[in-house]
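[1] Got a sequence here, can you build the structure:
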Amino acid sequence: MDVSLSVFDTLIDRSDMSSDKWAKYPESVIPMWVADMDFDAPDCVKNSLNQRVSEGVYGYTHTPKALVSAIQSHLKYRYDWSVSGAHLVHLPGLVCALHLSVRVFSKEGDGIVVPGPVYYHLTKAPLTAKRELLSVDMQVENGRWVPNMVQFEHACAHPNSKMILLCNPHNPGGSVYTKAELLRIHALAEKYDLIVVSDEIHCDLILDDVPHVPFASLNEDAANRTITLMAPSKTFNLAGLGYAFAVIENPSLRHTFNQEKAGLIPSPNLLGLTAAIAAYEDGRAWHQSLLKYLKNNRDFLANRIAATPMKMLHLEATYLAWIDVSALSLDNPHQFFLDAGVGVSDGKDFGNPNYVRLNFGCPQAVLDQAMTRIEEALIVQGFM
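    Got it, this is the predicted structure:
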């Protein structure tokens, strides 16, 4: 059954929901920072959660077989990727898996290759574990953010290199790596014998007619050296329910990962398991409507940005706009937006202080209001 786009126009008051997103700034500020959409969850998810809660017993819970089947069907349908249930590792979140992977499969002083600017936990994980961060610059080619491959090979060839942390689709650049681009990265991973941890949490949020290719699906060698991290949380707005999963096909890597997470990383929340099954089994129509709405929001935002001195490259995926504000020559871009009444993410947290990241996963009326505030601030400061 089709889901009307109008459901995403509904304004939801989250001020009393203990929301991280809405509690960070004063009520006068529109929060558009963390990757958390302001949309109601799909009815199928709410109905399943209500049913599970009504059962009244919330004891220790193992992963239901229905979830394994739902994930397998989802990956096969969307990416033509056949995954064995034995290769799945169920987790309470993706960030802990990033950090654990770095600590388990490298040692202090080892080099971790990370293309960036990028989601800050991909750089935080190596640094907090006292690894050497081997940064690779993302650069613009044909209107897309892609890694500088000369730098990439130089970093991979470093004698201490042990791992590549990849973000695909890229956050915050919004690029969906092509198969050819991924094969070039894989060639380096194979040549220098590096483990690849591929954060693919935004893979279900592709707004253009381009395919997502899971890194591990490239070939047998890629499958054997890759830890793929995915979750329904961004796609279906379920982050607070705490569920993600890893696909680890190499039995040795999987055994070591499971052994090291025991006692440190808890099992997923039973309501997270319930929501994930419902989302993957019955959320397809809602998902397709969401993508249409987000695409409309992206285009709406791009048109408004284009009429200002700011710049934004075309975004292939995610609901997170990476906006170049360098033409404004601001000492503190984040504060400028905050003073305008819009709470964006500070670009310096991702690796470039001349950018901000803006979350447009919200009703378009809210996006319109936010852009109006930004435009008015630009006019007041003489930028327009």
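[2] so residue 135 sits right up against residue 116, yeah?
    Yes: with contacts defined as Cβ atoms under 8 Å, residue 135 counts as touching residue 116 at a distance of 5.9 Å. For every residue, glycine as well, the C-beta is placed using N, CA and C.
[3] which of those two has more neighbours?
    Here residue 135 and residue 116 are set side by side on neighbour count (other Cβ atoms under 10 Å), and the busier one is residue 116, at 22 against 17.
[4] what sits against the more buried one?
    If you count contacts by Cβ atoms under 8 Å, 6 or more residues apart in numbering, residue 116 has them with 122, 123, 135, 136, 137, 138, 350, 351.
[5] which residues are common contacts for residue 135 and residue 116?
    By Cβ under 8 Å, 6+ apart, residue 135 and residue 116 have these common neighbours: 123, 351.
[6] what's the helix or strand for the residue lying closest to residue 281 once chain neighbours are set aside?
    Spatially, and ignoring its direct neighbours in sequence, residue 281 is nearest to residue 70 (4.9 Å; Cβ to Cβ, 6 or more residues apart in numbering). In this structure, residue 70 sits in helix 65-79 according to DSSP states H and E.
[7] Between its first and last residues, what's the separation in stretch 307-327?
    Taking Cα to Cα, to the nearest Å, the span from the opening residue of stretch 307-327 to its closing residue is 13 Å.
[8] State the mean pLDDT of it.
    For stretch 307-327, mean pLDDT is 97.
[9] got the buried residues for it?
    Using 16 or more other Cβ atoms under 10 Å as the burial criterion, the residues of stretch 307-327 that qualify are 308, 310, 312-313, 315-325.
[10] Strands - which of the residues you listed land there?
    The subset of the buried residues of stretch 307-327 located in strands under the criterion DSSP state E comprises 312, 320, 321, 322, 323, 324.
[11] Give me the residues contacting the longest strand along the chain.
    Criterion DSSP E: the longest strand present in the chain is strand 132-141. Contacts of strand 132-141 with the rest of the structure, by Cβ under 8 Å, 6+ apart, involve 109-118, 123, 126-127, 145-148, 151-152, 155, 158, 160-161, 170, 173, 313, 351.
[12] In PyMOL, how would I select the buried members of the residues you listed?
    For the buried members of the contacts of strand 132-141, the matching PyMOL selection, counting by 16+ other Cβ under 10 Å, is:
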select buried, resi 110+111+112+113+114+115+116+117+118+123+126+145+146+147+151+152+155+161+170+173+313+351
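[13] Among the contacts of strand 132-141, which ones are in strands?
    Within the contacts of strand 132-141, residues falling in strands by DSSP E are 111, 112, 113, 114, 115, 116, 145, 146, 147, 161.
[14] For the first one, name its beta-bridge partners.
    In this case it means residue 111. In this structure, residue 111 has beta-bridge partners residue 132, residue 161, where bridges are defined by DSSP bridges.
[15] Now flag whichever of the ones in strands among the buried residues of stretch 307-327 is closest to residue 16.
    Out of these, the one with the shortest distance to residue 16 is residue 320. That distance is 25.8 Å, counting by Cβ to Cβ.
[16] Mind listing the residues bridging to the closest one?
    When bridges are taken as DSSP bridges, the partners of residue 320 come out as residue 359.
[17] Spit out the contact partners of it.
    Residues in contact with residue 320 (Cβ under 8 Å, 6+ apart) are 35, 171, 172, 174, 357, 358, 359, 360.
[18] The fourth one: neighbouring residues, count only.
    What that stands for is residue 174. The number of residues packed near residue 174 is 26, by other Cβ under 10 Å.
[19] my guess is it contacts residue 322, does it?
    Yes: with contacts defined as Cβ under 8 Å, residue 174 counts as touching residue 322 at a distance of 6.4 Å.
[20] low-scoring pLDDT stretches of this protein, where are they?
    Low-confidence regions of the chain, defined by pLDDT under 70, span residues 1.
[21] swap the cut-off to 50 and go again
    Counting by pLDDT under 50, the chain has no low-confidence residues at all.
[22] Show me the domain layout of it.
    Under the assignment named as automatic domain parsing, the residue ranges that make up the domains of the chain are 5-42+284-380, 49-282.
[23] what about the helices in this structure?
    Secondary structure of the chain, counting by DSSP state H: helices at 20-23, 43-54, 65-79, 95-105, 121-128, 149-156, 179-191, 220-225, 233-236, 251-261, 270-282, 284-306, 333-339, 364-380.
[24] For residue 6, which of these is the nearest?
    When the helices of the chain are ranked by proximity to residue 6, the top entry is helix 284-306, at 9.4 Å, counting by Cβ to Cβ.
[25] Report the angle between that closest one and helix 43-54.
    Between helix 284-306 and helix 43-54, the angle formed by their directions is 120 degrees, by axes from the mean of the first three to the mean of the last three Cα atoms, to 10 degrees.
[26] next one: stretch 193-211 to chain centre, how far?
    What separates the centre of stretch 193-211 from the centre of its chain is 9 Å, taken as Cα atoms, centre = their mean, to the nearest Å.
[27] what residues are up against residue 2?
    Residue 2 makes contacts with 285, 289, as judged by Cβ under 8 Å, 6+ apart.
[28] again with residue 15
    Neighbouring residues of residue 15 by Cβ under 8 Å, 6+ apart: 22, 27.
[29] With residue 251 as the reference, measure out to it.
    Spatial separation of residue 15 from residue 251 under the definition Cβ to Cβ, to the nearest Å is 48 Å.
[30] what do you get for residue 300?
    Here the criterion is Cβ to Cβ. By it, residue 300 lies 48 Å from residue 251.
[31] Between these two, which is the more surrounded one?
    The neighbour count for residue 300 versus residue 251, taken as other Cβ under 10 Å, is higher for residue 300 (15 against 11).
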